[in-house]
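Asks: below are the sequence and a predicted model for it; my questions follow.
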Number of protein chains: 2
Amino acid sequence: MTAYNAFYGQSGGVTPVINASAAGVIQTARQHSDKIKNVYVGEDGIVGALTENLIDSSLESDADIEALKHTPSGAFGSCRYKLKSLEEHKVEYERLIEVFKAHDIRYFFYNGGGDSQDTAHKISQLSETMGYPITCVGIPKTIDNDLPFTDCSAAAGLASDERGLGPDIILFPEIDFDEKAFLAEVDATVKRKGFCCVVVSEGVKRPDGVFLSDSGVRDAFGHAQLGGVAPVVTNLVKDSLGHKCHWAVCDYLQRAARHLSPVTDVEQAYALGKAAVELAVNGENAVMPTVVRTSDSPYKWEIGKADLADVANVEEMMPADYISDNGFFITDACRTYLQPLIEGEAYPPYKNGLPCYITLKKQKVAKLTGTEFEIRS
Amino acid sequence: MTAYNAFYGQSGGVTPVINASAAGVIQTARQHSDKIKNVYVGEDGIVGALTENLIDSSLESDADIEALKHTPSGAFGSCRYKLKSLEEHKVEYERLIEVFKAHDIRYFFYNGGGDSQDTAHKISQLSETMGYPITCVGIPKTIDNDLPFTDCSAAAGLASDERGLGPDIILFPEIDFDEKAFLAEVDATVKRKGFCCVVVSEGVKRPDGVFLSDSGVRDAFGHAQLGGVAPVVTNLVKDSLGHKCHWAVCDYLQRAARHLSPVTDVEQAYALGKAAVELAVNGENAVMPTVVRTSDSPYKWEIGKADLADVANVEEMMPADYISDNGFFITDACRTYLQPLIEGEAYPPYKNGLPCYITLKKQKVAKLTGTEFEIRS
């Protein structure tokens, strides 16, 4: 059987464990050299494929690839670039095939959330739509709990306990923001315990469908209110109830941090990358490996698969029975679901007080197409 | 010898290890029961002394006090309440003496930064100014590197390394902000490596003395620009150089986090609390224990002491030779100084994926004065 090269790309917002998926892909591909010659990694995801900026993963040592398991953020760069449909922007697909042909790429692995699985789905159709033989497997990013079929994520609500620590109110994107009820709940909580801790999703909307973060506040230069939804809610509480408020945004301090990750998260991310390669070398196209829960307690899971056609652009919502009746907190059912996902402490090695994150060589593959491709901005 | 009660209070912004100092105070006081009957902890620092809201630490178990060593934030509440001078507000001092007398308090320990040491200094003068016999010892908060005489803190610059990771530019409060030079440095860095990571101190000032964060930007409701200095610098770079920018504020996510602390930090915080009690029972008044470095490599330190009169309200600046010639980075001398302070990883115990932080009983001592005291707002 002839071996071909594989493309792997990271896409969307990076996470503490997306590089563990990369390690799963590259290590597993190295075990299948009869089918996969080399893994070329896109610099900045699909953008690297379009611009022929391919990183030669074979030049990275086994130890360095292993160290990706405890290295956060996107080791190869990421992008937020969504392929348009074939009808709208055929030139992109033609360019991808040009690059794939030039570099003998017939496996395509794409690691990301909903939009990225849409890209993977479009690529998986290239055999059919453009006659180019490719095997495409999506790899879910385990930070996202909005992908259907896969069992993953964590939540702030778990930090609350019977001692009154942790958040008191959670504003979910699934629940329309009810200003009056929210302020009443804050007021009651402050009266009861002296303070109130609110966790707000950036996706919270008013009943008219407008994002709370888009409440029209602009600074003197016309910039939208920086900081997103947090200062909007803070000002609302301050102006309405007169309480002293403090807000903080976790942002990349949380979502790209890797000084502490749940063991479950690292293991699932790796297993998904590994499974993607195994699916591909077994000739499965247009699929995405998933995490399937088989037991809550003790937590057990196995790898399943879903069709990319069913995954692409489908956003999974929080089940209604995971949200309390008043809309401001999680239920015991939600807690049961989430609990296993934060268990186990995976620490990276340290040297001189700093985590030993790996910086790869990231040497580029020589360009072969002889043409440039301009990226839509 | 007669034993008396002690007052302990936490003050100012809380830290990951201020409770380790509390453990040092309470455990050491328990070993000196011949001189210290009990430690009454102020609810919200000095405010608790003024309002007679005293927490009875004797009702907390040894195990719970030990667990304070890995519990972040202020276990007993904190405040930002600065005593005025005796001339300006004598009523506060009279009230303190009323409470101290009622509860047989003759030891006073105050844990905080510069303003808090000023409070400690004022209290230490009560024997002289008001004829009330008190022994007062300040305890430095080890997150603050702006206290004189004591060897402590950490810095973002350490995260940078020869691989180009970590911050590229640091804006120090010690260096006037030079907008033109800053923008040129950002531009050169982006051209060289594709991105630029800037760390900005909230205390950065323009040459005219105005804080960069006070640049007059207000939202539609007249609120000052939320988020402090970060969005100001972000907008400056965006508007002047056209780069895409992202800002984040570490804030309490960093300064009250305790899922990972340097061993040095925890050990020093504890040792300072312990030393404070030892100084007090030896009859030393108006002093503050300090960390004295005796060797850089291997890092060695011992406990020294300073007079509160020399500490109060003196802000220590970063030595000029710790800042690079262009004003935008740390020197090797600074790195040598800072390196030992981040070494060692002190992890808390975990249960079900969450750190086992202790919540104390915090049972109040019965009020004895029979009078209320209104706190200045």
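Replies: In hand now; what should we look at?
Asks: show me how far stretch A:181-194 is from its chain's centre.
Replies: Relative to its chain's centre, stretch A:181-194 lies at 34 Å (Cα atoms, centre = their mean, to the nearest Å).
Asks: phi and psi next, for the nearest residue to A:Val365 once chain neighbours are set aside.
Replies: Nearest residue to A:Val365 in three dimensions, chain neighbours excluded: A:Leu54, at 4.2 Å (Cβ to Cβ, 6 or more residues apart in numbering or on different chains). All C-beta spots, glycine's among them, are computed from the backbone N, C-alpha and C. The phi/psi pair for A:Leu54 (degrees, to the nearest 10) reads phi -110, psi 130.
Asks: what about A:Leu54, how many neighbours?
Replies: 27 (other Cβ atoms under 10 Å in any protein chain shown).
Asks: quick one: it and B:Ala67, what's the gap?
Replies: As for A:Leu54, its distance to B:Ala67 is 52 Å (criterion: Cβ to Cβ, to the nearest Å).
Asks: and after the helix or strand of chain A with the lowest mean pLDDT, which helix or strand comes next?
Replies: Counting by mean pLDDT, DSSP states H and E, chain A has its least confident helix or strand at helix A:251-255, which shows a mean of 79. Per DSSP states H and E, helix A:251-255 leads on to strand A:261-262 as the next helix or strand towards the C-terminus.
Asks: what packs against that next one?
Replies: Strand A:261-262 sits against strand A:345-346, with contacts defined as 3 or more Cβ pairs under 8 Å, 6 or more residues apart in numbering or on different chains; DSSP states H and E.
Asks: does the strand it packs on reach chain B?
Replies: Yes: interface with chain B: strand A:345-346 contributes A:Glu345 (Cβ under 8 Å from any Cβ of the partner chain).
Asks: following element in sequence after that strand, please.
Replies: Scanning onward from strand A:345-346 (DSSP H and E), the first element met is strand A:350-351.
Asks: ok, that next one: who's next to it in the sheet?
Replies: Take DSSP bridges as the rule and strand A:350-351 pairs in its sheet with strand A:354-355 (antiparallel).
Asks: quick one: low-confidence parts of the stretch 1-150 of chain A?
Replies: A:1, A:143-150 (pLDDT under 70).
Asks: so which residues on the stretch 251-377 of chain A come close to chain B?
Replies: A:251-254, A:259-260, A:262, A:339, A:341-345, A:347, A:350, A:352-354, A:357, A:359.
Asks: and A:Glu98, that one's in a helix?
Replies: Yes: per DSSP: H, G, I helix; E, B strand; the rest coil, A:Glu98 lies within a helix segment.
Asks: what's near enough to touch it?
Replies: A:Glu98 sits next to A:Thr369, A:Thr371 when contact means Cβ atoms under 8 Å, 6 or more residues apart in numbering or on different chains.
Asks: over to A:Val25?
Replies: Listed by Cβ under 8 Å, 6+ apart, the contact set of A:Val25 reads A:Ala6, A:Tyr8, A:Val39, A:Phe109, A:Asn111, A:Ile139, A:Gly273, A:Lys274, A:Ala276, A:Val277.
Asks: ditto for A:Glu174
Replies: Applying Cβ under 8 Å, 6+ apart, we find A:Glu174 in contact with A:Met317, A:Met318, A:Ala320, A:Ile323.
Asks: the first one: neighbour count?
Replies: The local packing count at A:Met317 equals 13, with neighbours defined by other Cβ under 10 Å.
Asks: cool, and the last one?
Replies: Neighbour count for A:Ile323, taken as other Cβ under 10 Å: 21.
Asks: my guess is it contacts A:Phe172, does it?
Replies: Yes: if you go by Cβ atoms under 8 Å, A:Ile323 and A:Phe172 touch, sitting 6.0 Å apart.
Asks: ramachandran coordinates for the residue sitting furthest away from the middle of chain A?
Replies: No residue in chain A sits farther from the centre than A:Lys191, which is 38.5 Å out by Cα atoms, centre = their mean. Backbone geometry at A:Lys191, expressed as degrees, to the nearest 10, gives phi -60, psi -40.
Asks: all good on my end, thank you.
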